[in-house]
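In: predicted model follows, preceded by the sequence.
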Amino acid sequence: MKTVLITGFEPFGGEQINPSWDVVSRLDNAIIAGCRVVARQLPCVFGESLTVLNAAIDALSPSLVLAVGQAGGRADITVERVAINVDDARIPDNRGKQPVDEPIVMEGPAAWFSTLPIKAMVAAMREAGVPASVSQTAGTFVCNHVMYGLLHKLRSRPEVKGGFIHIPYLPEQATAHPGAPSMATATVRQALEIAITTALQVENDIAVTGGATH
C-alpha cells in the first residue's frame, strides 16, 4: 500500500494550539484513496523543521507529501503555488531564531513550484462546499521554509508529488482574535481529505493515460 505523508506544525506565536496539527493528527493511519496516511508534527523552527521532514520522507518513502500550516487571518483553504528561497521572519521561531533576508538553500533556485494539481484540488473543495483558493505566496516564515525545502528535496524524486496548504484559525482560536475568520475542524479535515484524494486521482490518471494535466 502506498503512503501519503501529511505534516502539521506545533503551536507558535503565543497560540495554545496549531490548527494544522490539530486536524492533521486526526488523519494519522487513515486510508484515503487506497493509500495509508501518516501524520507527523514539525517544529516551528527554521532548519529543524526540515530535518524532521526529511527524516520522515527517507523513512516512509511516500508517494505524496502534503505539508499544512496555519495562516491566521485567511478566510479559506489556500493551496500554495510557489515557495521562494528566502527566510525573512517577522517574529522569532520557537527557538528564538529570526533570520532576515537569508537564503533557505545557498545557491538554490529562486523558487520552487508545487507539483500538486493545485487548481484541481481547489475546484474539488469548492464543489464540496468548502471555501478554497490558490495562493501565490506562502510568506517568508517557517511555512515557506518547509515548502521550499520539501520541493528542493523532491527535485531528485519526480515520482513523489509535494506541496503546501494553509488553513485558517479554528473557531476556538478566533475568539482571541476579534474579527478574524475561522473554519471548523470538520470542514478543514474534509478539505484535506479532498486534497489528498484529488492529488492521488490526478496522478493515477496521468499514469494510466501517459498524459499531463495543468
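Out: Looks like it arrived, so ask away. Numbers count the residues shown, from 1 in each chain.

In: name the nearest residue to Phe141, sequence neighbours excluded.
Out: Ala89 (5.7 Å; Cβ to Cβ, 6 or more residues apart in numbering). To be clear about C-beta, it is placed using only N, CA and C from the backbone, and glycine gets the same treatment.

In: surely the one you found meets Gly96?
Out: No: look at Ala89 against Gly96 with Cβ atoms under 8 Å: they stay out of range, at 10.5 Å.

In: which of these two has more neighbours?
Out: When Ala89 and Gly96 are compared for neighbours, Ala89 comes out ahead with 17 against 7, by other Cβ atoms under 10 Å.

In: which stretches of this protein have low pLDDT?
Out: Within the chain, the stretches with pLDDT under 70 are 206-214.

In: make it 90
Out: Within the chain, the ranges that satisfy pLDDT under 90 run 202-214.

In: all helices for it, in order.
Out: With DSSP state H as the criterion, the chain has helices at 19-24, 48-60, 118-127, 142-153, 171-174, 185-209.

In: with distance to Arg36 and mean neighbour count as added columns, please give those in CSV.
Out: Shown next, in CSV, are the helices of the chain (distance: least, Cβ to Cβ, whole Å; neighbours: other Cβ atoms under 10 Å):
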stretch, distance to Arg36, mean neighbour count
helix 19-24, 14, 25
helix 48-60, 9, 16
helix 118-127, 20, 19
helix 142-153, 19, 24
helix 171-174, 30, 16
helix 185-209, 11, 18
